[in-house]
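In: the following comprises the amino acid sequence and a computationally predicted model.
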Amino acid sequence: MNLRKCLLTKNECYLRNIKIKPCGVMVHSTGANNPWLKRYVQPDDGRLGTNTAGTHWNQFHPGGRKVCVHAFIGKLQDGTIATYQTLPWDIRGWHSGVGRRGSANNLGYIGFEICEDGLNDRNYFNKVYKEAVELTAYLCKMYHFNPDTQVICHSEGHTKGIASNHGDVMHWFPKHGKTMDIFRRDVKQAMQGTVNTSQKPVNTAQTKLDVYKVKVTTPVLNIRSGPGTAYTKVGQIRGMGIYTIIQESSGPGASKWGRLKSGAGWISLDYVKKV
């Protein structure tokens with residue numbers, strides 16, 4: 001991890017200096033095609049580069065909004081990847097918004113943003129993903145967090161009722177074979193010094209097999225773009241018909257997933273029976 005510090009001392013969130021007892025980590029991504037740290041972090045320390053547009057977050061209300069996070073991950077001026085701490089870890093951030101059950105900000109979640117690019121560059125993704133894993137492992141070790149229960153992303157926070165309705169990071173991670181369950185697993189491995197640094201996706205164990213037919217046993221069965229509930233829903237099967245499976249895979253959300261011969265996508269094999 002390439003961890004540096006540039007606190008956003010002019011941001012109202014920093015100036016309020018409201019202490020928290022850190023209770024977990026919330027992972028965000030910026031939602032903008034701009035991977036450069038200087039877009040958000042200033043002043044230039046000789047590595048960031050200068051933001052001449054004045055859009056950085058080291059101002060009272062950036063863009064007129066009350067926003068501030070504890071760290072950013074993205075590109076330095078020379079194109080290398082780094083993490084910049086922008087708030088003290090024990091200061092309440094403004095990153096989660098409010099859900100039906102309250103706000104992760106007030107609960108004490110540490111929030112960091114991964115600077116997005118166009119979402120399709122696997123090389124960039126792998127680098128910032130690894131940096132995010134290492135940062136989260138660092139925080140989990142510092143505060144004795146359990147990654148399985150105390151590390152979530154913004155979209156998971158919304159599901160839990162403690163964050164606003166944002167999709168990050170699940171609009172990005174699955175494009176490169178990652179889910180939050182995989183992220184949490186990698187964090188645990190990093191805490192033990194055994195993180196998998198392979199550039200290949202490690203989300204599922206896919207197995208080719210002899211094709212077979214199944215009958216759907218539920219009135220409506222979702223079809224997904226990949227083997228897991230983190231992948232996009234691309235269609236539905238209705239009418240409990242018979243379909244051909246050409247590949248099996250493990251993945252979150254089902255005991256086993258099956259790939260349809262039609263090429264439409266993947267279905268949960270928990271709701272079918274072989275014929």
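Out: Received, thanks.

In: off-centre distance for stretch 69-82?
Out: For stretch 69-82, the separation from the chain centroid amounts to 16 Å (computed by CA atoms, centre = their mean, to the nearest Å).

In: shaky segments in the stretch 151-275 of the chain?
Out: Within the stretch 151-275 of the chain, the ranges that satisfy pLDDT under 70 run 194-210.

In: my guess is residue 233 contacts residue 221, does it?
Out: No - when contacts are counted by CB atoms under 8 Å, residue 233 is not listed as touching residue 221 (10.7 Å). For glycine as for every other residue, the C-beta is placed from the backbone atoms N, C-alpha and C.

In: what about these two, which has more around it?
Out: Using other CB atoms under 10 Å as the criterion, residue 233 and residue 221 rank with residue 221 on top: 20 against 11.

In: compute the distance between that one and residue 108, please.
Out: To residue 108, residue 221 is 40 Å away according to CB to CB, to the nearest Å.

In: how about the strands of this structure, start to end?
Out: Assigned by DSSP state E, the chain shows strands spanning 3-5, 24-29, 71-75, 81-85, 109-114, 151-153, 206-216, 220-224, 233-238, 242-249, 257-260, 266-268, 272-274.

In: quick one, domains of this protein?
Out: Per automatic domain parsing, the domain ranges recorded for the chain read 3-191, 206-274.

In: so who does the most centrally placed residue in the chain touch?
Out: Centroid check for the chain by CA atoms, centre = their mean gives residue 169 as the closest residue, at 3.5 Å. Listed by CB atoms under 8 Å, 6 or more residues apart in numbering, the contact partners of residue 169 are 27-29, 114, 153-155, 180.

In: dump these to CSV, plus neighbour count.
Out: Output for the contacts of residue 169, formatted as CSV (neighbours: other CB atoms under 10 Å):
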residue, neighbour count
27, 29
28, 22
29, 24
114, 25
153, 24
154, 26
155, 20
180, 19
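
In: residue 248: which of these is nearest?
Out: Using CB to CB, the shortest approach to residue 248 within the contacts of residue 169 belongs to residue 180, at 22.7 Å.
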